[in-house]
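> Need coordinates for the following:
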Amino acid sequence: MIDTLLAPARVAAIQMVSAPDVALNLSAAEALIAQAVDLGAELVALPEYFCFMGRNDREKVALREPEGGGPVQDFLSAQARRHGIYLAGGTLPLECPDPGRVYNTAFVYGPDGGVVARYDKIHLFSFRRGAESYDEALSIRPGAAPAAFDTPWGRVGLSTCYDLRFPELYRALGPVDLILVPAAFTYTTGQAHWETLLRARAIENQCYVLAPAQGGVHPNGRRTWGHAMLIDPWGVVQSVLPEGPGVVDGVFDRARIAEVRTALPALRHRVL
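Take a look at the predicted model:
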């Protein structure tokens with residue numbers, strides 16, 4: 001049962017155009033996190049690959065970090081502690097048992113700077129049409145388990161980019177109040193499907209969806225779709241940033257979730 005007496009919380013999704021330079025990306029992220037906090041955000045989410053967008057798929061392997069420490073993890077922990085926020089750290093390359101690959105891992109840090117959740121991206125993107133080709137499995141080892149965490153305002157489910165196409169993942173999370181979808185959607189697939197899929201996940205799970213994104217032309221020549229957005233449990237887009245670096249913010253209101261789930265109790269009507 002949702003406690004509608006809890007005050008709404010402000011959340012923010014960050015949009016970036018990351019480069020093959022970790023220090024440059026962390027500096028950009030730091031400024032955008034501060035901007036989000038200035039807007040009142042208590043939970044801030046960074047996009048997939050926020051710390052590094054290399055010139056080829058394998059470059060990220062050389063930057064892998066062990067769990068528990070490394071420049072990117074230390075940065076995220078310090079930012080969460082400094083601002084007293086929940087910080088969902090997009091993704092970073094994490095060591096895995098396969099020396100030639102990494103996990104594409106999302107860590108979430110609490111206001112004290114400690115890790116409150118870890119999620120390794122499960123579904124790995126591949127696409128081939130003409131000269132445009134991607135295959136994440138070349139450098140990424142898939143994760144195996146869904147992940148969620150609790151905040152004072154509700155339960156938050158984790159997913160990453162291509163996961164968005166697999167609704168069974170979100171059912172496996174159980175009831176959640178907010179879904180995070182940090183992404184680096186290609187321009188081609190994003191233009192066709194990004195908003196439709198995000199709104200579908202919000203509608204079918206009757207919860208908010210917060211989707212940080214990469215959005216623009218990167219130094220490696222790749223173009224990402226952007227359109228970071230916040231969507232409410234009725235599938236209404238609350239805020240969106242089409243392209244370029246910036247912050248999308250808005251209110252996460254449990255009373256709104258309760259209103260939608262009471263009027264249309266679809267989650268209680270599930271049979272399978």
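> Pull out the buried residues from the helix or strand of the chain with the lowest mean pLDDT.
Every helix and strand of the chain was ranked by mean pLDDT, DSSP states H and E. The lowest is strand 132-135, at a mean of 75. Within strand 132-135, the residues that qualify as buried are Tyr134, counting by 16 or more other CB atoms under 10 Å. For every residue, glycine as well, the C-beta is placed using N, CA and C.
> That one pairs with which strands?
strand 126-129 (antiparallel) (DSSP bridges).
> Looks like Val37 contacts His83 (just checking).
Yes - using CB atoms under 8 Å, Val37 makes contact with His83 at a distance of 4.7 Å.
> now the least confident helix or strand of the chain, how far from the centre of its chain.
For strand 132-135, the distance between its averaged C-alpha position and the chain's averaged C-alpha position is 21 Å (CA atoms, centre = their mean, to the nearest Å).
> what does stretch 9-28 give?
For stretch 9-28 - counting by CA atoms, centre = their mean - the centre lies 12 Å from the chain centre.
> That stretch: end-to-end distance?
The separation between the terminal residues of stretch 9-28, taken as CA to CA, to the nearest Å, is 25 Å.
> got it, and stretch 58-72?
18 Å.
> quick one: average confidence on that stretch?
Average pLDDT, stretch 58-72: 95.
> And for that stretch, what's in contact with it?
For stretch 58-72, the surrounding residues in contact (CB atoms under 8 Å, 6 or more residues apart in numbering) are 20, 22, 26, 49, 51-52, 54, 73, 89, 92-96, 100-102, 118, 138-139.
> one step back: name the residues contacting each of Val37 and His83.
With the criterion set as CB under 8 Å, 6+ apart, the overlap between the contacts of Val37 and His83 is Val44.
> following the least confident helix or strand of the chain, which helix or strand comes up?
Next in sequence after strand 132-135, counting helices and strands by DSSP states H and E, comes strand 148-151.
> which intervals of the stretch 151-272 of the chain have sub-threshold pLDDT?
Low-confidence regions of the stretch 151-272 of the chain, defined by pLDDT under 70, are absent; no residue qualifies.
> Can you name the residues that contact the residue nearest in space to the middle of the chain?
When CA atoms, centre = their mean is applied to the chain, the residue found nearest the centroid is Pro182 (2.2 Å). For Pro182, the contact set (CB under 8 Å, 6+ apart) comprises 45-48, 50, 88, 90-91, 106, 160-161, 211-213.
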